[in-house]
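Student: Sharing a model that was predicted from the sequence below.
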Amino acid sequence: ALSPAAGVVAFSGSADGNFGTVARGNSKTLTYVVRNIGNADDAITITGPSGSGWSASTDCPDTLAVGASCNVSVSFAPTASGISVPTP
């Protein structure tokens, strides 16, 4: 147990964040699960990537309760050919 009480967040999913090759006109979404594995509620802020073709959505609350989890989905839908790296 943590002393003093603390929220601890763990992520699971496609941890490497590699979208591979996504053809123009198609899209790919990776979903990450955020889980509070600590022993106190934890305030969280989710900021998705920006840049052409990148978007994010989440069902995470402002405060994640002990043992609770939520999802963060990051999508890439390219509109041009080439290499794209999201801006955090």
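Tutor: Structure received. Numbers count the residues shown, from 1 in each chain.

Student: For stretch 52-70, give me every contacting residue.
Tutor: Contact partners of stretch 52-70, identified using C-beta atoms under 8 Å, 6 or more residues apart in numbering, comprise 7, 9, 33-46, 48-49, 71-80, 84, 86-87. Backbone N, C-alpha and C define where each C-beta goes, glycine included.

Student: switch the cut-off to 6 Å
Tutor: Residues from elsewhere that reach stretch 52-70 (C-beta atoms under 6 Å, 6 or more residues apart in numbering): 33-36, 41-44, 46, 48, 71-79, 86.

Student: now those: which count as buried?
Tutor: Val34, Asn36, Asp42, Ile44, Val72, Val74, Ser75, Phe76, Pro78, Pro86 (16 or more other C-beta atoms under 10 Å).

Student: May I see the residues you listed organised as TSV, with pLDDT and secondary structure added?
Tutor: Shown next, in TSV, are the buried ones among the contacts of stretch 52-70 (pLDDT from 0 to 100; DSSP: H, G, I helix; E, B strand; the rest coil):
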residue	pLDDT	secondary structure
Val34	89	strand
Asn36	89	strand
Asp42	88	strand
Ile44	88	coil
Val72	91	strand
Val74	91	strand
Ser75	93	strand
Phe76	93	strand
Pro78	92	coil
Pro86	73	coil
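
Student: can you list these in a markdown table and add distance to Val66?
Tutor: Shown next, in a markdown table, are the buried ones among the contacts of stretch 52-70 (distance: C-beta to C-beta, whole Å):
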| residue | distance to Val66 |
| --- | --- |
| Val34 | 13 |
| Asn36 | 6 |
| Asp42 | 8 |
| Ile44 | 13 |
| Val72 | 19 |
| Val74 | 26 |
| Ser75 | 30 |
| Phe76 | 33 |
| Pro78 | 39 |
| Pro86 | 31 |
